[in-house]
Every structure is written in C-alpha cells, then in structure tokens.
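Give me the fold of what follows.
(chains A and B)
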Amino acid sequence: MLVADSGSPFAPVPQQPQATPPDLHRFAFHGTGGALFALVLKNMVLTLVTLGIYLPWAKTARRTFLWQNIEIAGHRLRYHGTGRELFFGYLKLVLAYVVFIGVAITARRLFGETAAAAIQVGLVFVIMPFVPFVIWGSRRYLLSRTSWRGIPFRLTDGAGTFAKTFFVGTLLTILTFGFYSPVFANRMYRVFMNHTGVGTKLFEYRGDDRSVFKIGVKGILLTIVTLGVYSFWYNAEIARYRAQHTWFDGAHGEIKLAGVDLFALTMLQVFGLTFTLGLAFPWVTTYTLRFMLERLTFIGPIDYAHIYRAPSEGNAVADGLADALDLGTAL
Amino acid sequence: MSTGERYAAQFLDGWSLAAVDVHVQVSHAGLRIVDASGGERGAWTATGLACDAMQQGGVMHVSHASAPQETLVVADPALASRVLAICERVEALPGGRHPARFVVICSVALVLLGAAAYYAMPQLAHFIAVNIPLEHERAFGSRVEALLDLAGCQSKPAHAALERIERKLLGTSQQNLFEVRLIEAKEPNAFALPGGVIVVTTALLKEAASPDEIAGVLAHEIEHVVQRHVLTGLIRDALLSGLWAVSVGDYSGLLVVDPTTAYRVANLQFSRADEMAADSGAVTRLHRAGLSHRGMLSFFKRRQKEASLAGPSWLSTHPSASDRIARLNAVKDLPGAQPALDAEDFALLRTGCASTAK
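Numbering: from 1, shown residues only, chains lettered A, B, ... in the order given. As a prediction, this is how the structure comes out:
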C-alpha cells in the first residue's frame, strides 16, 4: 500500500485490544508507512521551496506524527514542540557559528594560519565537555514537549550526574577494552530513567550493575566467538532486563523480545532499505516501532488520579545543537 | 449554545493523569462536555477550537484556546466528524481525504524542483564564479597550493622549455596570469588550481611522445583557468551539497544509501561538460598559437587503453577518451602547424627532472 487508506484519522487499522486487565498497560503504534511517506514528501517539497527554512517545521511535523501514533494504556502520546521554537534555536546556533568563523578569520589576518588552526582545534576541546550536557538538554527538550493523558513528561535536574557518569564510563570502557561498556550503558540508563517522569511521578530503574555485568561479559565473549551473531540475543537479553527492572508507580515493564526477533527485524531493515535504495524507510520505521512497542507492557497498578502536573521545561537550542554535533538524540 | 445528540468521549483535565468518561453535545456554536455526575467539564465555543487529527487508528484530540491544558479525547467517528466540521484549527495528516493524489502531486513537484535545480545550477555557479574578483581566486589558490605541499622539480632547463610552450599558448595580455609548477610524481597528470596555477607532473613529461602532447595538455588546463572551471566547480559543489542537505538532510540518517552519492553523480555530468569545454577551447588556443591539436589526440589515444581499465566512463569526472578522440578527429587540423618545441628543448623538458624524479 503506497499511502494510508484514507486521510481521515479514522482510517481502518488494527483494533486496540478491548479486554485488557486494568493492571496491564499495553503499548501500540498506529501510524502507517504510507502516511509517513506522504508526510516526508510534503516536508521535502516545502523544505526545497523554502531553501531549507522549513526544516524545523518539517522535523516537528515528523515528530508529531510519530509521537501521536504511539499509544500507551489506551492513550496517545502528544507532541507539543513547534517549528517556530526550533527555528529560533537554529538561528542562535547559526549566529554562534558566524561569530566563531569571524573570530577564526580575524585571528588568521592578525596572527596567521597557525593561530586560526589553533582556535579551530581549541574549539573541539571546548565543545567536548559539553557533549553530555547537550545530550541531556536535547532529551529534556523532547520530554518537555511530550505529554500523555494531558500531563507533560519531564527530565529533572541531573545533567551533572549524567556528565560524570558519561566521562568516567567512557574512560573505564577504554581502559577495560570495552568490558565495562555494559555497566556504563546500565548506569547511563539508570541516570536517565531515575530523572525521567510524567508529572509528579518519576520512573525508577532497579537494575543492578553486577547482574548486567554478568550478562555483558557473556554477551561480549559470545558475540566475539560467533562473529557478531550473538549480539542480537545479547541485546534482547539487555532489553528484557532493563524493562523488567524499570518501574512506574506500582507497575514494572516487560518486553517479550527474543534474539531471533531482533535478528529478523535487523535483516528486514537492512534488506528492506537496501533493495529500495532507502525509499522504504517510512514503512521500515513504522514497522519497527509497531514491532517493538507491541511487545512492551507495564504490569501492575498505576494510581493515575494521584499523579499530577509538574513544571517541565526544555530549550530548543539543545535540540539543534544535538543535531549539529550529530549526537543522534533527535529520533 | 443549543444542545443536540450526546456522544461518549474522555476528558483530560491537564492536572492529573486521570481520564474522565464524559458525554459531549455538539452544535454549530461549539461543544458542551458533561461528566457522569452531570457536572459540566467545559463549554467550548467553535472559535478557538483546535482539532489534532495527526493520529491514525481512530483517535482525535480536541482542545480549546480558553483552557489549553484540557483535552477531549474523541474515539467515536460520528463525534469526530461533527467536531471537525466546526473546528477553527485542524492539524491533519498530509493529503487530507485524498492522500494518493497528494503523494502524486508532491512527487511531481519534487521531480520538477530537482530538474530546475539541476539545469539552473551550472549557470548560477558560473555567474557567481565570474563575479568573484580574480585576485580573490588567486589568494584562495595560494592557500590550496600551500596545503597540497607540492614537491617541485627545480630543473632550470626543464622550466625554460616549458615556459617557451607557455608563451606560445598565452597571448601577451595573459602572460602574467599563469604559473606552471613542475612536481615530481609517478602518475602522469596535470591539473589547474584556483587562480591560475597549473600543475604538471614529471611522469606526464616523461610519458609524452611529442612536445605537441605537452602543449595540448597545457592548453587544456589553461582553458580550465580562463573559463573559471575550478572556482565554478567549487561553487557548484557547495550549492549542490547545500541543496541536497536541505532536501534530504533531515532523513539522511534513515537512508541506507550515502545521501551525497546522488549529488556526486549529478556533479560528474557537470565535470564532464567542463572537460569538453576545455578541450574545445584548447583546440582554438593551439591553432591560434600556430600549433597542431594532433598532440592532444595522440595523448588521448595513449590514455584510452588505461582508461578502459579504470571503469565505465559514466563514473568518471572526465568524458571517455573515445568520445574526446572522436571530437578531436572531427576538427580539421591547422595547415602548416609548427612543433611546440624543437627536439633539443623537448629532450631537456623530458629529462630535466629525471635525475630528481622518484
């Protein structure tokens, strides 16, 4: 099917499960590849016509589509970010870039090529310590613009803890030839989840480093022995462990994901995109989201009536900066 | 506000996560939202009503400017269509009720925009290039040359012989605009830098069968400089990559094919057009200098064998040697043309750098 059956939001799609027990909170994705393809085409035309000015609006429209087709426990996520705020965020970055270029040109005129090169190299060292803060800021922006059941998500203050975990983890991963990486990833996930919440209720990650280290050492060694094939089973085990130990109020996560599922999904992504020269990416994206979300549930009671709105703020500049530095936090 | 048929929906007050089952009455003037106990949760006028229909699968969110935190979640298609009819602001999926037509229109628009950009780009790049003062291009060329850090051949006899060819090819007005660098390299090659520096490798001199071959190559590179091909190419490259970035940059991470590949393929076509223009200009320049273009011809014939091993011509920045040979063969040679150098000078040129060549 090239496009959605109908432009109506009431187009026929698989029906949501009706007889869901009250303490089983299911996830689902309803978007179709055809609708995303139409959106991508519209974005490309408007971006070209406006010589790129439409990009922030295009990005916002894509996020709106993806977010609002994600269903959690019978309610959709909503995306409240605007193209306008992203546009002004980009403008600030462009301004900063112009100032930097101006400084580099002036330095070259006054002090020669060496000084200009030194400034450019120096900038890398100035930016590097900010990388975890940019990742944090970008995520904070996205969460502050996402709501569920009318309440915005939020990321509480914790960028300093995250930065410390980031730098120590990077160093230890290098020193242990990668064997620390499972614990590193676990700690990063813990910092993120323990600071992420919906309104007044924060998520809580109860996974411990020792268990993850055992899974990780086995996973890394078997991945090496099997020339990478075991990585699917390793990643599935990590995903199951994380979900199982992630709590929201009285409910914990569960993902029914096997190694063979991830293997099949990866093969579909690789071959689906290769044979269509990438044109199938809207269908691959929507299929991947549906595949993963339908396997995820939260089990246990959630006292919705006692979870309230809480202040949630984020800065669009961080989102643009994450894009500019190619930190891959946008999607 | 008049009342009408009642529809079931859910109401989110925006203060807690609790969702309240409500009944909604719709009229042309707006909505009235009443909960199970009969309490009115909202009376929203049509003015200020916002409907978000970006979701697929039977859900629409409705909000009102007077209470932006509150949301009405509509799952009943009958209620949705009635509310949509009075919504002041609708955020809908692209294409509305005719998505297939929308996709076709967008695809056609993309093809037309792409074609317009493809055909306008060379002209635009050339227009910008010719309006950049030559001294700026020369300053840029000097920096490029410094970056390349070329190891030059210092043989005075070789340079003197090369300058004699240069003088023949350049009119008196162009004498000071060009500088030829002889560099030591194993690859027979010649190329022009921005601003008028032409680089010739010692291997090319060594490989040349006649002074007319060297004159042909030099004339070709001089034409690249005169026609501002180097700067035009750089500007075209920047314009094309910029255009590509703004059109698919947002999706480049999702595309399995390197997004720059398509624009590089497009750029090859422009490069080949520049090469053809330089060939034509070189023939005119050679004839004006009283030299034959047969040297160029023999050079291309010799390169043809190697080019056939290098891959298909459509992957090259240069036209195929056979195409260039066919074009040069079609040009009538200059009657009474003199050789570009005498045998002694040609020998000096070929062997001058031999002692230092690697």
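
which bits of the stretch 51-200 of chain A sit near chain B?
Residues of the stretch 51-200 of chain A lying close to chain B by C-beta under 8 Å from any C-beta of the partner chain are A:51-52, A:55, A:58-59, A:62, A:64-65, A:68-69, A:71, A:75-76, A:78, A:148-151, A:198-199. Using the backbone N, CA and C atoms, a C-beta is placed for each residue, glycine as well.

Just the buried subset of those, please.
Buried subset of these (neighbour count, 16 or more other C-beta atoms under 10 Å in any protein chain shown): A:52, A:55, A:58-59, A:62, A:64-65, A:68-69, A:71, A:75-76, A:78, A:148-151, A:198-199.

So which of those sit within strands?
Among those, the members found in strands (DSSP state E) are A:71, A:75-76, A:78, A:148, A:151, A:198.

hmm, which two among those residues are most spread apart?
Taking C-beta to C-beta, the two most distant members of those are A:71 and A:151; they sit 15.8 Å apart.

what secondary structure does residue A:27 sit in?
Three-state assignment for residue A:27 (DSSP: H, G, I helix; E, B strand; the rest coil): strand.

Residue A:297 is in contact with that one, correct?
Yes: counting by C-beta atoms under 8 Å, residue A:297 is a contact partner of residue A:27 at 6.8 Å.

and residue A:35, which of the three is it?
Going by three-state DSSP: residue A:35 is helix.

in which helix or strand would I find the residue of the stretch 101-250 of chain B found nearest chain A?
Closest approach between the stretch 101-250 of chain B and chain A, counting by C-beta to the nearest C-beta: residue B:246, at 3.3 Å. Assessed by DSSP states H and E, residue B:246 sits inside helix B:229-248.

what packs against that helix?
Applying 3 or more C-beta pairs under 8 Å, 6 or more residues apart in numbering or on different chains; DSSP states H and E, one finds that helix B:229-248 makes contact with helix A:33-49, helix B:99-130, helix B:134-148, helix B:259-288.

ok, now with 10 Å
helix A:33-49, helix A:55-68, helix B:99-130, helix B:134-148, strand B:190-192, helix B:211-226, helix B:259-288 (3 or more C-beta pairs under 10 Å, 6 or more residues apart in numbering or on different chains; DSSP states H and E).

quick one: buried residues of the longest one?
Translated: helix B:99-130. Residues B:99-100, B:102-103, B:106, B:109, B:113, B:117, B:121-122, B:125-126, B:128-129 are the ones in helix B:99-130 that count as buried (16+ other C-beta under 10 Å).

ditto for the first one
Along helix A:33-49, these residues count as buried under the neighbour rule (16+ other C-beta under 10 Å): A:33-48.

Which parts of chain A are helices?
Residue ranges of the helices in chain A, as given by DSSP state H, are A:33-49, A:55-68, A:83-111, A:113-127, A:131-144, A:159-175, A:181-195, A:209-225, A:231-244, A:259-275, A:281-293, A:316-324.

Identify the contacts common to residue A:27 and residue A:297.
A:72-73, A:253, A:255 (C-beta atoms under 10 Å, 6 or more residues apart in numbering or on different chains).

mind showing which ranges of the chain have poor pLDDT?
Since you didn't name a chain, this refers to chain A. Across chain A, the ranges flagged by pLDDT under 70 are A:1-22, A:324-331.

hm, I was asking about chain B
Where chain B drops to pLDDT under 70, the residues are B:1-4, B:149, B:151, B:172-173, B:175, B:247-270, B:305-320, B:354-358.

care to break it down by domain?
With domains defined by automatic domain parsing, chain B comprises B:6-92, B:123-351.

next one: chain A
A:87-145+A:315-331, A:147-257+A:295-313.

tell me the SS of the residue lying farthest from the centre of chain B?
Each residue of chain B has a distance to the centre, and by C-alpha atoms, centre = their mean the biggest one is for residue B:37: 65.0 Å. At residue B:37 the chain is in coil, as set by three-state DSSP.

got the contact list for it?
Per C-beta under 10 Å, 6+ apart, neighbours of residue B:37: residue B:20.

Could you measure from residue A:51 over to residue B:36?
Noted for residue A:51: a distance of 54 Å to residue B:36, by C-beta to C-beta, to the nearest Å.

go on, residue A:323?
The gap separating residue A:323 from residue B:36 is 47 Å, by C-beta to C-beta.

With neighbour numbers in mind, choose between these two.
The neighbour comparison of residue A:323 against residue B:36 (other C-beta atoms under 10 Å in any protein chain shown) goes to residue A:323, with 22 against 9.

I figured that one hits residue A:93, correct?
Yes: the pair residue A:323 and residue A:93 passes the contact test of C-beta atoms under 10 Å, sitting 8.9 Å apart.
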